[in-house]
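K.L.:
Predicted model follows, preceded by the sequence.
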Amino acid sequence: MSVLVVAPHPDDAELGAWSLLSGATILCLTHGGAVDPRGDEARRAAKISAARLIACCFPDGELTVTPGLVARIEHAIEATGAEVVAGPPLSDEHQDHAAAARAVRAATRRTPLTVLEYETPSTPPGWEPDTYMPLSAASLAERERALGEFASQAGRPYMAPETARARAAVRGQRVGLSAAEAFRTVRRVGV
């Protein structure tokens, strides 16, 4: 199954959709410049996850739903043959995440694709997931390794390995697993 993970920033896909990344494509909407340190971090992390990275150069902190942004997502869907598209929640409290979520909805509005929301550090408490993907101890260790590539974000509390592990443990507990990631289904196509 071909998966496209739309990430507003470098690190969003690794934080919220790690279980989907192996063999997937990450469309990172910001920090795609050739000399951008965060873009370099994203490229190194994508290698660890075995994901393909497509980097864009939309402005960080100023992401808005424009025809160009929607077209970029549509093009990535077509180019990758995606059957599943995952993005941040529509209710996300970060302005770039909310804009990316609206753009994903616009880009997939007339497609036969499964569309998922993944959890981010700025997902509001009322967000209710309905799908859980297991994370093994080995997968958690690899995710920590990938997150370690984002040195520019190292001081942020949500990047701490213990924070990511705690969220995975809480999500896993809801479904009888030692660790999991949570997703909310926007649209499910097929079985």
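P.N.:
It's in. Numbers count the residues shown, from 1 in each chain.
K.L.:
So what's the predicted local confidence for A34?
P.N.:
Looking at A34, its pLDDT reads 76.
K.L.:
E128 too?
P.N.:
E128 is assigned a predicted lDDT (pLDDT) of 97.
K.L.:
Now do the contacts for it.
P.N.:
R184 (CB atoms under 8 Å, 6 or more residues apart in numbering). Every C-beta, even on glycine, is put in place using the N, C-alpha and C of the backbone.
K.L.:
same deal with P157?
P.N.:
Neighbouring residues of P157 by CB under 8 Å, 6+ apart: T163.
K.L.:
low pLDDT regions in the protein?
P.N.:
191 (pLDDT under 70).
K.L.:
50 instead, please
P.N.:
Within the chain, no range satisfies pLDDT under 50.
K.L.:
Helices of that one, residue ranges please.
P.N.:
12-16, 18-21, 37-49, 67-80, 95-107, 137-147, 161-174 (DSSP state H).
K.L.:
counting contacts, what elements does the shortest one pack onto?
P.N.:
Packing contacts for helix 18-21, counted by 3 or more CB pairs under 8 Å, 6 or more residues apart in numbering; DSSP states H and E, involve strand 3-7, helix 37-49, strand 131-134, helix 137-147, strand 180-187.
K.L.:
try the fourth one
P.N.:
When contacts are defined as 3+ CB pairs under 8 Å, 6+ apart, helix 67-80 packs onto strand 3-7, strand 25-30, strand 52-58, helix 95-107.
K.L.:
I'd like these as a markdown table, with mean neighbour count appended.
P.N.:
As requested, the helices and strands packed on helix 67-80 are exported to a markdown table (neighbours: other CB atoms under 10 Å):
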| stretch | mean neighbour count |
| --- | --- |
| strand 3-7 | 27 |
| strand 25-30 | 26 |
| strand 52-58 | 19 |
| helix 95-107 | 22 |
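K.L.:
These: which one's closest to M133?
P.N.:
Evaluated over the helices and strands packed on helix 67-80, closeness to M133 peaks at strand 3-7, with 11.3 Å, by CB to CB.
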